[in-house]
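A.B. asks: Need the 3D shape of this:
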Amino acid sequence: MDAAHLEKLNDGQRVAVVHGIGLPEGRIGGPLLIIAGAGSGKTSTLAHRVAQLVISGADPRRILLMTFSRRAAAELGKRVERICTKVLGDKAGILTDALAWSGTFYGIGARLLRPGRRAAAQRRLSDPVHHPFRQGTGMAAGFRA
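C.D. replies: Numbering: from 1, shown residues only. This is a model prediction of the structure:
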């Protein structure tokens, strides 16, 4: 594996980026906790980690990448794409576009809840016992699904 994209990282960052990748028999490494202060390169480490997973063959659609702000989420996505492009060339854009689960905690939470709300509402509307327009419930007026 070409590790040129890891040269800018310090030893601790490099250990975090490659943690659990390439283990024998297809095993997956355990959890990793990174605790670091302001300006220590957490964002760079996280971007390199996600890029390394993609470069190593992980399905980008199965990577959950959450931050607190939209700006940070956009910046992380750009960094991951930039790193992948250095290593993979033209096909990097296709892979990083597949980072569907990248965004803010709020945005991802809303995406997770929306389909469930819709499905729950549809189940409720198809159930004659709970249907809001059932006679005698008093709920027919003003109800909107």
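A.B. asks: All the strands of this protein, residue numbers only.
C.D. replies: Assigned by DSSP state E, the strands in the chain fall at 65-67, 102-104.
A.B. asks: Could you single out the most deeply buried of those strands?
C.D. replies: Neighbour counts (mean count of other Cβ atoms under 10 Å) averaged over each of the strands of the chain peak at strand 102-104, with a mean of 20. Every C-beta, even on glycine, is put in place using the N, C-alpha and C of the backbone.
A.B. asks: Tell me which other helices or strands that strand touches.
C.D. replies: strand 65-67, helix 70-88 (3 or more Cβ pairs under 8 Å, 6 or more residues apart in numbering; DSSP states H and E).
A.B. asks: Quick one: closest of the strands of the chain to residue 11.
C.D. replies: Each of those has some distance to residue 11 by Cβ to Cβ; the shortest is strand 65-67, at 23.9 Å.
A.B. asks: tell me the average confidence for the closest one?
C.D. replies: Averaging pLDDT along strand 65-67 yields 89.
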